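Engineer: Below: sequence and its predicted model.
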Amino acid sequence: SQQGEEDPQALSIQEGENATMNCSYKTSINNLQWYRQNSGRGLVHLILIRSNEREKHSGRLRVTLDTSKKSSSLLITASRAADTASYFCATDPGAGSYQLTFGKGTKLSVIP
Amino acid sequence: GAVVSQHPSWVICKSGTSVKIECRSLDFQATTMFWYRQFPKQSLMLMATSNEGSKATYEQGVEKDKFLINHASLTLSTLTVTSAHPEDSSFYICSARAGTASLKQYFGPGTRLTVT
């Protein structure tokens, strides 16, 4: 079942600007992951944040997690045209399940 | 890094025929593989979880007799869409976990199925 909800559904920014995408979920999680999908392609794993972590960085990516609000955000700094893609959050409930539940995604367009 | 391949990348078939999609982990052993379906402009929906050497676990609403999954080895899982209908047209994506200690899933590039 669909758990994560991303907002905005679509985001259009100029190259060089920062892009922020949010994700909310409903049940408890072991970790939350962010993925990127270029049009008609598979998913690329971006970053994983565990339930006991609050913030994580990877290059131009910054992810935050607030388990009390059941929400996460993905910030892409100094965006590039190549960042144009759909971004999905996915929650892992843990307890040996490893089944990911994906949100609806945010379609990001970075205008050169 | 861990690579997952899918074959074919796209397939067109006639209504009523069956189509097999392969998912392979190229440089690691995958004890667990997952199959997802993605309709245009929508998110991924988990169809089933496949463990090597055992029967797949299907999500609610997914017909196991229509979507046959076989995970015969640690590097190969197959999804067969039987008696395909136009409403089965979708993007099918597999993923694999690289070992029992890994939280990450590595995704294949997807297979575009069009049923005419």
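Structural biologist: That came through, no problem.
Engineer: for chain B, what are the low-confidence residue spans?
Structural biologist: B:1, B:99-101 (pLDDT under 70).
Engineer: do chain A as well
Structural biologist: A:1-4.
Engineer: Chain B contacts on that one?
Structural biologist: Applying CB under 8 Å from any CB of the partner chain, one finds that chain A approaches chain B through A:1-2, A:30-31, A:33, A:35, A:40-45, A:48, A:88, A:92, A:98-105. (Each C-beta comes from the backbone N, C-alpha and C, glycine too.)
Engineer: how about 7 Å then?
Structural biologist: Residues of chain A lying near chain B by CB under 7 Å from any CB of the partner chain: A:2, A:31, A:41-43, A:45, A:48, A:88, A:92, A:98-100, A:102-105.
Engineer: Out of the residues you listed, which is nearest to residue B:116?
Structural biologist: Nearest to residue B:116, judged by CB to CB, of those is residue A:41 at 23.4 Å.
Engineer: Surely that closest one is within a strand?
Structural biologist: No. Judged by DSSP: H, G, I helix; E, B strand; the rest coil, residue A:41 forms no part of a strand; its state is coil.
Engineer: Kindly provide the distance from it to residue B:47.
Structural biologist: Distance, residue A:41 to residue B:47, by CB to CB, to the nearest Å: 19 Å.
Engineer: more crowded one of the two?
Structural biologist: residue B:47 (24 against 16; other CB atoms under 10 Å in any protein chain shown).
Engineer: do you know how far that one is from residue A:5?
Structural biologist: 21 Å.
Engineer: With residue A:56 instead?
Structural biologist: With the distance defined as CB to CB, residue A:56 ends up 21 Å from residue A:5.
Engineer: what does residue B:113 give?
Structural biologist: Separation of residue B:113 from residue A:5 (CB to CB): 27 Å.
Engineer: Between these two, which is the more surrounded one?
Structural biologist: Between residue B:113 and residue A:5, counting by other CB under 10 Å, residue B:113 is the more crowded of the two (21 against 17).
Engineer: Flag every residue of chain B that's near chain A.
Structural biologist: Contacts of chain B with chain A, taken as CB under 7 Å from any CB, map to B:32, B:43-44, B:46, B:49, B:93, B:97, B:103-105, B:107-110.
Engineer: give me that answer again for 8 Å
Structural biologist: B:4, B:6, B:32, B:34, B:36, B:42-46, B:49, B:60, B:91, B:93, B:95, B:97, B:103-110, B:112.
Engineer: residues making contact with stretch B:53-61?
Structural biologist: Residues outside stretch B:53-61 that contact it (CB atoms under 8 Å, 6 or more residues apart in numbering or on different chains) are A:1, B:45-51, B:64, B:67, B:69, B:71-72.
Engineer: Whichever of these end up buried, select them in PyMOL.
Structural biologist: To isolate the buried ones among the contacts of stretch B:53-61 in PyMOL, judged by 16 or more other CB atoms under 10 Å in any protein chain shown, type:
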select buried, chain B and resi 45+46+47+48+49+50+67+69+71
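Engineer: quick one: which of the contacts of stretch B:53-61 is nearest to residue B:12?
Structural biologist: Proximity of the contacts of stretch B:53-61 to residue B:12 (CB to CB) peaks at residue B:67, which lies at 18.4 Å.
Engineer: Report the beta-bridge partners for residue B:25.
Structural biologist: According to DSSP bridges, the residues that bridge with residue B:25 are residue B:4.
Engineer: Going by secondary structure, the spatially most central residue of chain B is in what exactly?
Structural biologist: In chain B, the residue lying closest to the centroid (CA atoms, centre = their mean) is residue B:35, at 3.6 Å. Residue B:35 is part of strand B:32-38 when elements are defined by DSSP states H and E.
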